[in-house]
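Enquirer: predicted structure and sequence below. I'll ask about it afterward.
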Amino acid sequence: MTNSLFRLINTALALAAGLFSITVSAAEIPVATPESVGMSAPRLARIETAMQRYIDEDLTPGVITAIVRKGKLVHFSAQGDMDVEQAKPMREDTIFRIASMTKPITSTALMILWEEGHFQLRDPVAKFIPAFADVKVSTTSDVSGLTGKLVSPERPIQIRDMLTHTAGLANNYIGNVDAYRNAFDPAPKDNAELVQKLAKLPLNYQPGSEWQYSAATDVVGHLVEVISGQSLDEFLQERIFTPLDMRDTHFYLEKQDAPRLAAQYRPGRSNKIVIQDPGSVESRWISGPKTLFRGAGGLVSTARDYMRFQLAMLRGGTLDGARILAPSTVGLMLENHTADLDLWLPGPGTGFGLGYGVVVDRGDAATPLSEGAAFWGGAYCTLSWIDPEQDLVAVIMTQVRPYTHINIRQDFQVLTYQAILN
């Protein structure tokens, strides 16, 4: 058993004020020995050894890893530094930029409104955001419209397309990327302006015919705003964060939270980390205008909070007596909605649900995750997944962007599953 786990057990038993203390408002995730839920403590200890190698080689400043199985916390480890320059050790309540791990949360928000009867998944997006009524499709994926032809879509963009990244939206990865970026310079002040700019760009492909990662979840977030009459920030706080006791998940932080915001790094010479965004009051997550709440990637959070969200989803939409969705709705979100489309980002053997990537073929995906497991990560090298077959939730948090030169997320997945013995 790791020292971190010992600390957590002692904290829970003492009811101390801290990350895993039991409070009146919401009980924390209970702690158990790995063996009591079919896992091996010696094998789980391999996680810290592997993570420490990345830290010692200056490939990452520090890491938090966490695993919940059968509703019990069996691994939680905070290693390295949250700020190397300031010699600040990684805290168990460190706040991280979670980037695209915002997407499952935003998608869940929209599905809350679906359950209330406000729309159907095949409804045209233009029913709620009229700017998408006149969108055109580029025959050459040219956002600027200077080459190829602009033709009418064969069918309207559906809300389901936005949730699954099959809407055809111009994006930062494929097609005329420079024209796409120029369209958002200067940056929009809020979601309404962002979506209006996005709707003016030609689509890269006919809706539903391909899968391309895009800002579609920003549109999902604005749909939440239009349908609910609240800002995305307010809706998430009221309908998800407060019920699930996600106390440190926000679009922007107050100045008093600055000491807990991790510094963000980039790879420099020989891939050694170089400071990019200090965790201080100057960071845009603290000093920003606080008017743009991006559903595709704007949140910051802690390992604790994200575990609580994922555990609620694993349990069919409920945690500690609070229900945010029905089990059937969560099940629908975790289905593969993209059939056999090529998903170039998550890769072979995967599909996409409503806000999550899903494993459809373990062999083709070359993953230890079970078929039906749902996952997504963030641009700053964070990752989380839920595995219904194994009754498991896992989270890894660090702050390196880009991160494609290291396999820390994949290693954590392998190390998690090799510790499952029954």
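Expert: All right, it came through fine.
Enquirer: helices or strands up against the strand ranked longest in the chain?
Expert: Assignment by DSSP state E gives strand 72-83 as the longest strand of the chain. Packing partners of strand 72-83 (3 or more C-beta pairs under 8 Å, 6 or more residues apart in numbering; DSSP states H and E): helix 3-14, helix 41-56, strand 62-69, strand 88-89. All C-beta atoms are positioned from the backbone trio N, CA, C, and that covers glycine.
Enquirer: report the buried residues of it.
Expert: For strand 72-83, the neighbour count (16 or more other C-beta atoms under 10 Å) marks 72-83 as buried.
Enquirer: just the helices in the stretch 251-400 of the chain please.
Expert: All helices of the stretch 251-400 of the chain, identified by DSSP state H, counting those that start in this stretch, fall at 284-287, 303-314, 327-333, 362-365.
Enquirer: E28 is nearest to which of those helices?
Expert: Using C-beta to C-beta as the measure, helix 303-314 is the one of the helices of the stretch 251-400 of the chain that comes nearest E28, at 8.0 Å.
Enquirer: ends of stretch 384-393, how far apart?
Expert: In stretch 384-393, first residue to last residue: 7 Å (C-alpha to C-alpha, to the nearest Å).
Enquirer: list the contacts for the nearest residue to L203 once chain neighbours are set aside?
Expert: Leaving aside its chain neighbours, L203 sits nearest to G168 (3.5 Å; criterion: C-beta to C-beta, 6 or more residues apart in numbering). Neighbouring residues of G168 by C-beta atoms under 8 Å, 6 or more residues apart in numbering: 137, 153, 157, 161, 203-210, 212.
Enquirer: the same query, at a cut-off of 10 Å, please.
Expert: The neighbours of G168, taking C-beta atoms under 10 Å, 6 or more residues apart in numbering as the test, are 135, 137-138, 141, 153, 157, 161, 202-210, 212, 214, 216.
Enquirer: repeat for T106
Expert: Neighbouring residues of T106 by C-beta under 10 Å, 6+ apart: 163, 217-224, 232, 235-236, 240, 293-299, 355.
Enquirer: from R97, how far out is it?
Expert: 16 Å (C-beta to C-beta, to the nearest Å).
Enquirer: how many neighbours does the residue nearest to S301 when sequence neighbours are not counted have?
Expert: Among residues not flanking S301 along the chain, T249 sits closest, at 4.2 Å (C-beta to C-beta, 6+ apart). When neighbours are counted by other C-beta atoms under 10 Å, T249 registers 23.
Enquirer: the one 5 residues further on too?
Expert: Around E254 sit 9 other residues, with neighbours defined as other C-beta under 10 Å.
Enquirer: any idea of the pLDDT on it?
Expert: With respect to pLDDT, E254 has a value of 93.
Enquirer: once you drop chain neighbours, what's closest to it?
Expert: I286 (7.4 Å).
Enquirer: got the contact list for that neighbour?
Expert: Taking C-beta under 10 Å, 6+ apart, one finds 252-258, 261, 279-280, 300 in contact with I286.
Enquirer: run the last query once more with 8 Å
Expert: With contacts defined as C-beta under 8 Å, 6+ apart, the neighbours of I286 are 252-255, 257-258, 261, 280.
Enquirer: what's the answer for Y380, then?
Expert: 96-99, 264, 398-401, 403 are the contacts of Y380 under C-beta under 8 Å, 6+ apart.
Enquirer: and it, how far from A87?
Expert: From Y380 across to A87, the span is 21 Å (C-beta to C-beta).
Enquirer: how many other residues sit next to P30?
Expert: By other C-beta under 10 Å, 12 other residues sit near P30.
Enquirer: what distance do you get for it to K70?
Expert: Distance, P30 to K70, by C-beta to C-beta: 10 Å.
Enquirer: what's the overlap in contacts for the two?
Expert: Counting by C-beta under 8 Å, 6+ apart, P30 and K70 have no contacts in common.
Enquirer: gap between I240 and L203?
Expert: Noted for I240: a distance of 30 Å to L203, by C-beta to C-beta.
Enquirer: which one of those two has more residues nearby?
Expert: Each of I240 and L203 has its neighbours counted (other C-beta under 10 Å); L203 has more, 25 against 21.
Enquirer: who's in contact with that one?
Expert: Applying C-beta under 8 Å, 6+ apart to L203 gives the contacts 135-138, 153, 157, 167-170.
Enquirer: now I275
Expert: Counting by C-beta under 8 Å, 6+ apart, I275 touches 84-85, 263-265.
Enquirer: what about these, which one has the most neighbours?
Expert: Within the contacts of I275, neighbour counts (other C-beta under 10 Å) peak at Y265, which reaches 27 neighbours.
Enquirer: list the contacts for the closest residue to that residue other than its chain neighbours?
Expert: Distance criterion C-beta to C-beta, 6+ apart; nearest residue to Y265, sequence neighbours excluded, is I273 at 4.0 Å. Neighbouring residues of I273 by C-beta under 8 Å, 6+ apart: 58-61, 84, 265-267, 400.
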